[in-house]
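Participant: using only what follows, build the 3D model:
(4 chains, ligands or ions: 12)
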Amino acid sequence: MPEEVKKKRLTDVGPHDYHDYLPPMVKKNYGKWAYHEIMDSGTMVHVAENGDKLYTVRVGSPRLVSGSFVRDLCDIADKYCGGYLRFTTRNSAEFLFEDEKNIVPLKKDLEKLGLNIGGIGNNVANIVHTQGWVHCHTSASDASGVVKSVMDELYEYFVEEKLPSKVRVAFACCLNMCGSVGSSDIAIVGTHRRPPKINQERLLNLCEIPSTIASCPTNSVRPDVTADGKQTVRVVQETCVFCGSCYTVCPAMPIADPLTDGVSIWVGGKVSNARTKPTFSKLVIPFIPNEPPRWPKVTEAVKTIINAYKEGGRPGERVSEWVDRIGWPKFFKITGFEFTKYHVDDFRLAESMMNYSAYARL
Amino acid sequence: MPEEVKKKRLTDVGPHDYHDYLPPMVKKNYGKWAYHEIMDSGTMVHVAENGDKLYTVRVGSPRLVSGSFVRDLCDIADKYCGGYLRFTTRNSAEFLFEDEKNIVPLKKDLEKLGLNIGGIGNNVANIVHTQGWVHCHTSASDASGVVKSVMDELYEYFVEEKLPSKVRVAFACCLNMCGSVGSSDIAIVGTHRRPPKINQERLLNLCEIPSTIASCPTNSVRPDVTADGKQTVRVVQETCVFCGSCYTVCPAMPIADPLTDGVSIWVGGKVSNARTKPTFSKLVIPFIPNEPPRWPKVTEAVKTIINAYKEGGRPGERVSEWVDRIGWPKFFKITGFEFTKYHVDDFRLAESMMNYSAYARL
Amino acid sequence: MGKKHQTPLLDELKKGKWISFVREMERAAEKSPRTEDLLGQVEESYRDKITHWKHGGMAGVKSYGAGMVGRFSDSPEKYPGVKECHSMRINQTSGFFYNSDILRKIAGIAEKYAGGLLNLHGATGDIQILGVTQAEAEDAFQAYAELGFDLGGGGSDLRTPSCCVGPARCEFANYDTLKICYDLTREYQDELHRPSFNYKFKLKFSGCSNDCVASASRSDLAFIGTWKDNIKIKQEEVKNYVKKFDVQKYVLDKCPTKCMWFEGDKLVIDDSNCVKCHHCINEMPKALKSGDEKGLSILIGAKAPLVTGPRMGMMLVPFYDVNEDSKNDYEQLKGLISNIWEFWDEYGVSRERIGELIARVGLVTFLEGVGLEPIPEMVNTPRTNPFIKFEDEDAAQ
Amino acid sequence: MGKKHQTPLLDELKKGKWISFVREMERAAEKSPRTEDLLGQVEESYRDKITHWKHGGMAGVKSYGAGMVGRFSDSPEKYPGVKECHSMRINQTSGFFYNSDILRKIAGIAEKYAGGLLNLHGATGDIQILGVTQAEAEDAFQAYAELGFDLGGGGSDLRTPSCCVGPARCEFANYDTLKICYDLTREYQDELHRPSFNYKFKLKFSGCSNDCVASASRSDLAFIGTWKDNIKIKQEEVKNYVKKFDVQKYVLDKCPTKCMWFEGDKLVIDDSNCVKCHHCINEMPKALKSGDEKGLSILIGAKAPLVTGPRMGMMLVPFYDVNEDSKNDYEQLKGLISNIWEFWDEYGVSRERIGELIARVGLVTFLEGVGLEPIPEMVNTPRTNPFIKFEDEDAAQ
Ligand code: SRM
Ligand code: SRM
Ligand code: SRM
Ligand code: SRM
Ligand code: SF4
Ligand code: SF4
Ligand code: SF4
Ligand code: SF4
Ligand code: SF4
Ligand code: SF4
Ligand code: SF4
Ligand code: SF4
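Facilitator: Numbering: from 1, shown residues only, chains lettered A, B, ... in the order given. Ligands and ions are numbered 1, 2, ... in the order given. Have a look, this model is predicted:
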């Protein structure tokens, strides 16, 4: 880059052109792939129309990584992949290379670095998750810690293909649900259970009243007047559903509470259109308290679900298809989870969720 | 009945005990039927566990009948059925008898009386309908006349089994939809298209303001005050959907209009739980003007639907299942009906009607 | 032939193969001349494309608040015979069974005191007599009462219950639809005749989930026969059906939960996954029968579109042991029904059907009100939105 | 080993087979000491079961309104290194392709100017750098800009678009997801960097309806590859699959419209009834390929739960000929996007996503606003309630 340009402040350069980072084999066969084959849970090969082969080895990632981690990956890429690598939409890292003989040594090197190889095919993929206590102000739980605890338990399902189909587990630390969490096979969602506590003084300085009122899904934030006649808001405790939306727009309405925060568990979401339409995850456990550092009840619940699915799901059935087939009553029966009033939708479109038929498994 | 009882005014005697009118064969095998067989479109036989057989011959009915019609039926019942007969939940009449040899002469006699034999099995059953101009104050169309016109056209499908499955056609003369009209294979519904015209003088005398306001599904009836300060209502023309609900509670808000009234056509409803859940009929033609006495456009539309279904439906598929299989875009294509903005739901639960997927037949 | 009114348009409706209501009106008019005026007025509606009935109006019999629909002509000068033209609802028999004797009498009364025109039957289930005047109403009513027939419902009351033919002539019936319909109608005579509800309330009884009385689409409580244990299979008959048609394609492949399959030529059903849709039994009535533990499901809230949109019945009680309870005069069921009516009475507003009330206050609130537990059978799936209203006691755990 | 803060709870999370983020934080802390304080603060959260970040706060670079998330510790005295701990979003490459050279540089800048911690990648798609202070933000930004990397979105703006790996390494791609993602991101630099929308707006691109970037569940506009003509069948390969597994059971029976069958050993597809779900192609990639007339579907309105509940993308444009339009620099598509943004700008309120606006004003109003016709593909079924708002011109016909 010439000197004079360098001095000028750069703005709006836009994203880097991806062409610069496509491996030669990809460039050559761009748009000309013929088919792929999954070789094992961590390895697949894509075959081009002309017979060229591109091998991929995938590793899991905590996503919150150090520069050293990046360099670890780069070293491997340099050694086996001409320096190229990519990440997946679920934050796995993928090594792409042409020579089948690299598979074994590459994997050995990866293992030496403590990396987990897997996630391809019918297994638990890398968990997508959010910031949690590491970086977010609205979190009802930590993210990385829950995910680490769960993945330690699900490890065998990442490194081996033992499940009826793909299982996408996701974590979000509050109802904002950063990510496609609400449509995962298993979703873990940070959940508050107390209404926000209003700090009147801060509110007067920091919050815009109309947008705070508008933020509430249940119309529980209402205009109010302070003792000394200033515009403020109050929260109708009876209808507040602890979503934290008001806190997002108004810092004076904190909602996190160590005693009552935790997570809820949701099952049977799906994004792909294959066979069945995309669908949201459904509530299965309304609440599990936060138990750092290892969230044992959460990991147990997730394992219970995975085991039931492994046991009952037929080959090729996603979790949603399995539950559709056996029915929700049976899901609750075999997992032992309790069905409560919280499971019955009572929000805006609740009516469309009811069983309008005589169908029942008796 | 003894004299002294007769003189006392009778009240709350309740419905007549049905046991008095059960044919002996029915009494004998009550609850002990083993199976049935459909012999032809007008005849079936029920076989009891002990081998007893009960034959049924069914005839259609305009439902609005004279005493003479009743006597016609009674004569036949006396001649062949020991005097017994019944009506069906769709207002057909059924003759029940034990002797198979009666079938042929009984049918001949029925035909002589101008009665239509059929409606059993995979055909168009008797149309259930409402009062229309014959007796109702809110009707947007006549009932009996439309039904007669349609059945003249569908005659062959009543007397013969030529369709993939049962087809239930129903008619209602206004959106009150007396009957199970909204979940019929084909529903014809009287439809207004102008807001009610308020007669202020009558309104002040006749109508209760709060219930009139509450009657409106779109909150279009609003409180108002007359020039001389009296409580009244006005109609927000922009949001009124011409449902006539306000007229039902307030006679001073007539909605019928010869120029704009007519019918809409709905397809693919179903009540049984067999194979698929019960489902409502869906709008296919938003509006056809009233063309008494024979409503040619309505009969044409119904025939178009029946023909398309006859052509495309697979054996055993109800209309709803056929359309589900081929998709609504194709339904509109093959019937030639126009898909308009009126077909897109915009009422309370409209959101639950959208296609949340990438599914499309292209 | 001295026709009182020319009816060229209606005459068009005497043509064609389907039996004509115009012919029926004319036949009625022969015995009951007021119906001539009805023909005239309907002809005028055909010309004008509008109804010629005034809005509503009162009609009824002493000590009853229901059972008649008042109807007045808007042109009584032209059609004096229908100045008043009320209809009277006569509670039908369970299953619509009659004999010729009683039907002739019923028709005779309609000719004597009214327009000689009947609806056999009304959409709710009543025998309707058209063309009653207030002056003759009491006599007509007493004449029917003497036959042992009473008026049906109307207005904001319990509407005339009705049922499918059930055990009387159907092998599919899982309970006695005729009996329960009859017994409950008698039990609720007061609720039927003297409107004191927020709005109408309908009960309908179908012996199986084919729902031949369309209860799930038009009654506030729909009672639909079902069973709890296994479908009974006669393997020999299955084999006969296999010879006759493609059982795999037309039965097994259409099972909504795909819970049937062949092992060799033996049909196997995973009954734990059967939703009791009834399809397989419909298709192979000789081979399959519902189980021995028969009962019914109760669906709640069906209704027509107004005011908040049409509703289908939704699952309230997946299995109610009606056969056991019938020994006790349906005590348990009546308990549930009163709980529902009490809740509706307390929380419903005028012209709000029970289904609309449930939609407004939420299913769970309703369940708590009537003393039922939420169960997964009530919903298609558990909730998908995270707006859970945790209660204090749970949050404080 | 002088640990600045004791972290017994976090240390528990270094155990187990799955790679540990705690190890990563510790490694980062080695190069970038401020991250030691981050470890301390997170440990405190683990003890207290609550976040220790203050609500929001400003952070950013000159002339940009987006691309950084401000984050301040609530205990800066204890954890001075995270008094400010902003994150910086760096727009990733299309398809997340990199080489070791650039990645090392990216990591190096994160270590130099921030906490040495990265999210690879953020849930929207950006590379996130954690632990930036306002003072160093500009330098970090310029360092990335010199590498040819820019900031991503944030706040009420267009968010960083992202895409699946598509034609780069997937035989299923029906269009060039990487190119369109790149081209549109460049086109909309201003919308990305300078928030002027009602709320956030997301674009995601998937090459087929497997939707590997989960566009349909989390982007306001989801672009999902599809095709118009017939699925291409290699019958020989079909036969090979038949030898390998039960194609009837695992492919044909699972086709949502059951539009495939065997005639002898020949596979037949009624393509007119195929909804392009992609299942059959997934299962038999050697035998089946999407057609030649490739393009994409556009789904609109997906978003997370707040405020009015979660939404999936709904069908807006069943087929858009992206390959044709790409020759024109996506002119047609950009036209549609501007129409949508204009409508949103005009009728949306603050914090209302496009899906919520459509739900509020009605799909038809929206379609009229952006110049599209209503078509049956947009709905599961036509309406079932009869409350039709006929317009005057129709009623006056
Ligand atoms: C690498 C990646 C795309 C990328 O741009 O990064 C990818 C790559 C492939 N996907 Fe995917 N999918 C990727 C995320 C997804 C997602 C998104 C997500 O999970 O957030 C989905 C939607 C998930 C859902 O439905 O909830 C997804 C749903 C699919 C499906 C449909 C699965 C199904 O039957 O429902 C297929 C088809 C299949 O597996 O046969 C598929 C198939 C494939 C194939 C076989 C495509 C191909 O021929 O190359 C690739 C390898 C499959 C594998 O990993 O088993 N991919 N795939 C993503 C890997 C994420 C990871 O690290 O685990
Ligand atoms: C007589 C009647 C009951 C009564 O109490 O009066 C009756 C009688 C029978 N019904 Fe029905 N159904 C009767 C109204 C209904 C209704 C209600 C309605 O149409 O308003 C339904 C629900 C319709 C719907 O789903 O929209 C109904 C849905 C069925 C079904 C399910 C059909 C399906 O596959 O969806 C069956 C099963 C079958 O046909 O295999 C059935 C089966 C039968 C059987 C075979 C039962 C039996 O073994 O006796 C009877 C003769 C069938 C026939 O007519 O083809 N019946 N049946 C009703 C005759 C009405 C008429 O005059 O046409
Ligand atoms: C006579 C009958 C139609 C028929 O031709 O058979 C009938 C006729 C009327 N119905 Fe109905 N309904 C009749 C069965 C029904 C049914 C079907 C059923 O009961 O199975 C329904 C749908 C089910 C339901 O209840 O939702 C029905 C839903 C309505 C409604 C809408 C109620 C709602 O909640 O949406 C109204 C409007 C109202 O109640 O204000 C209504 C109102 C009316 C009124 C009273 C008109 C009015 O605006 O007040 C009609 C009097 C017509 C007349 O002059 O004779 N009618 N009505 C049926 C009663 C005969 C009988 O007793 O056997
Ligand atoms: C960093 C990131 C999570 C992560 O760990 O990766 C993130 C973090 C935050 N999101 Fe998010 N969102 C992130 C992707 C998403 C996604 C997924 C996506 O974009 O594909 C969603 C769901 C899709 C959607 O947009 O609906 C998402 C839905 C939300 C929402 C709910 C929006 C809604 O309309 O319902 C909020 C609340 C808000 O906007 O006020 C939110 C707000 C936030 C804020 C800014 C917190 C707040 O209350 O203002 C979080 C800052 C955390 C922090 O301190 O770093 N975030 N957020 C993701 C962005 C990284 C990147 O640029 O790559
Ligand atoms: S899910 Fe909630 S708490 Fe977690 S990063 Fe997103 S906004 Fe923050
Ligand atoms: S937490 Fe949610 S429901 Fe409660 S007041 Fe705030 S915005 Fe409303
Ligand atoms: S459908 Fe309407 S017009 Fe017809 S009888 Fe019922 S209330 Fe009257
Ligand atoms: S006709 Fe219906 S929508 Fe119009 S004002 Fe009356 S009640 Fe409201
Ligand atoms: S509902 Fe069932 S039991 Fe009743 S008549 Fe119909 S098929 Fe028979
Ligand atoms: S009744 Fe229905 S669900 Fe049960 S086995 Fe038969 S077809 Fe399947
Ligand atoms: S969305 Fe389709 S084209 Fe893109 S990576 Fe997934 S399977 Fe391949
Ligand atoms: S893409 Fe899906 S819908 Fe189309 S033929 Fe294949 S499986 Fe069937």
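
Participant: so which residue is dead centre in the chain?
Facilitator: Chain wasn't specified; assuming chain A. When chain A is reduced to its mean C-alpha position, the closest residue under C-alpha atoms, centre = their mean turns out to be residue A:170, at 2.8 Å.

Participant: oops, chain C please
Facilitator: residue C:204 (4.6 Å).

Participant: part of a helix, is it?
Facilitator: No. Residue assignment for residue C:204, taken from DSSP: H, G, I helix; E, B strand; the rest coil, gives strand, which places it outside any helix.

Participant: please report how far it lies from residue C:163.
Facilitator: As judged by C-beta to C-beta, to the nearest Å, residue C:204 and residue C:163 stand 7 Å apart. Just so you know, the C-beta spots here come from the backbone N, C-alpha and C atoms, and that holds for glycine as well.

Participant: count the residues that sit near residue 65.
Facilitator: Answering for chain A, as no chain was given. In terms of burial, residue A:65 registers 27 neighbours under the definition other C-beta atoms under 10 Å in any protein chain shown.

Participant: that answer is for a different chain, and I need it for chain C
Facilitator: Residues near residue C:65, counting by other C-beta under 10 Å, number 17.

Participant: what residues does it make contact with?
Facilitator: Contact partners of residue C:65, counting by C-beta atoms under 8 Å, 6 or more residues apart in numbering or on different chains, are C:155, C:157, C:193-195.

Participant: and if you look at residue C:21?
Facilitator: Counting by C-beta under 8 Å, 6+ apart, residue C:21 touches B:62-65, B:134, B:144-145, B:147-148, C:13.

Participant: got a list of what the residue of the stretch 101-250 of chain A found nearest ligand 8 touches?
Facilitator: Using C-beta to the nearest ligand atom, the closest approach of the stretch 101-250 of chain A to ligand 8 is made by residue A:219 at 24.2 Å. By C-beta under 8 Å, 6+ apart, the residues touching residue A:219 are A:236, A:239.

Participant: quick one, phi psi at residue A:68?
Facilitator: Backbone geometry at residue A:68, expressed as degrees, to the nearest 10, gives phi -70, psi -40.

Participant: kindly report the same for the one 4 residues further on.
Facilitator: When quoted as degrees, to the nearest 10, the phi and psi of residue A:72 stand at phi -50, psi -50.

Participant: quick one: the helices in the stretch 201-350 of chain A?
Facilitator: Under the criterion DSSP state H, counting those that start in this stretch, helices of the stretch 201-350 of chain A are mapped to A:209-214, A:245-249, A:296-312, A:319-326, A:328-335.

Participant: residue ranges with poor pLDDT in the chain?
Facilitator: Because you didn't say which chain, this covers chain A. A:1-7 (pLDDT under 70).

Participant: wait, I meant chain C there
Facilitator: Those would be C:1-2, C:396-397, if you go by pLDDT under 70 across chain C.

Participant: by proximity to ligand 12, which residue of it wins?
Facilitator: Among the residues of chain C, residue C:253 lies nearest to ligand 12; the distance is 15.6 Å by C-beta to the nearest ligand atom.

Participant: returning to that earlier point: thought the residue nearest to the centre of chain A was touching residue A:128?
Facilitator: Yes. With contacts defined as C-beta atoms under 8 Å, residue A:170 counts as touching residue A:128 at a distance of 4.9 Å.

Participant: what helix or strand is the residue nearest to the centre of chain A on?
Facilitator: Assigned by DSSP states H and E, residue A:170 belongs to strand A:169-172.

Participant: count of neighbours near the residue in the stretch 101-250 of chain C positioned nearest to ligand 7?
Facilitator: Taking C-beta to the nearest ligand atom as the measure, the stretch 101-250 of chain C has residue C:123 as its residue closest to ligand 7, at 7.6 Å. Neighbouring residues of residue C:123 were enumerated by other C-beta under 10 Å; the total is 23.

Participant: ok, it to residue C:51 distance?
Facilitator: In this view, residue C:123 and residue C:51 are 18 Å apart by C-beta to C-beta.

Participant: only alpha carbons, please: show the longest helix anywhere in chain C as CSV.
Facilitator: What stands out as the longest helix in chain C, according to DSSP state H, is helix C:331-347. Listed next in CSV are the C-alpha coordinates belonging to helix C:331-347 (Å, rounded to 0.1, in the frame of the first residue of the first chain):
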residue,chain,number,x,y,z
GLU,C,331,-72.7,-37.4,38.3
GLN,C,332,-69.0,-36.7,37.5
LEU,C,333,-69.8,-35.2,34.2
LYS,C,334,-72.5,-33.0,35.5
GLY,C,335,-70.0,-31.8,38.1
LEU,C,336,-67.7,-30.8,35.4
ILE,C,337,-70.4,-29.1,33.4
SER,C,338,-71.5,-27.1,36.5
ASN,C,339,-68.0,-26.0,37.2
ILE,C,340,-67.7,-24.8,33.6
TRP,C,341,-71.0,-23.0,33.7
GLU,C,342,-70.1,-21.4,37.1
PHE,C,343,-66.7,-20.2,35.7
TRP,C,344,-68.5,-18.8,32.6
ASP,C,345,-71.1,-17.2,34.7
GLU,C,346,-68.5,-15.5,36.9
TYR,C,347,-65.9,-14.4,34.4
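
Participant: which residues touch the residue of the stretch 251-362 of chain A found nearest ligand 6?
Facilitator: Distances from the stretch 251-362 of chain A to ligand 6, computed as C-beta to the nearest ligand atom, single out residue A:255 as the nearest residue at 5.7 Å. Applying C-beta under 8 Å, 6+ apart, we find residue A:255 in contact with A:138, A:192, A:194-197, A:242, A:244, A:246-247.
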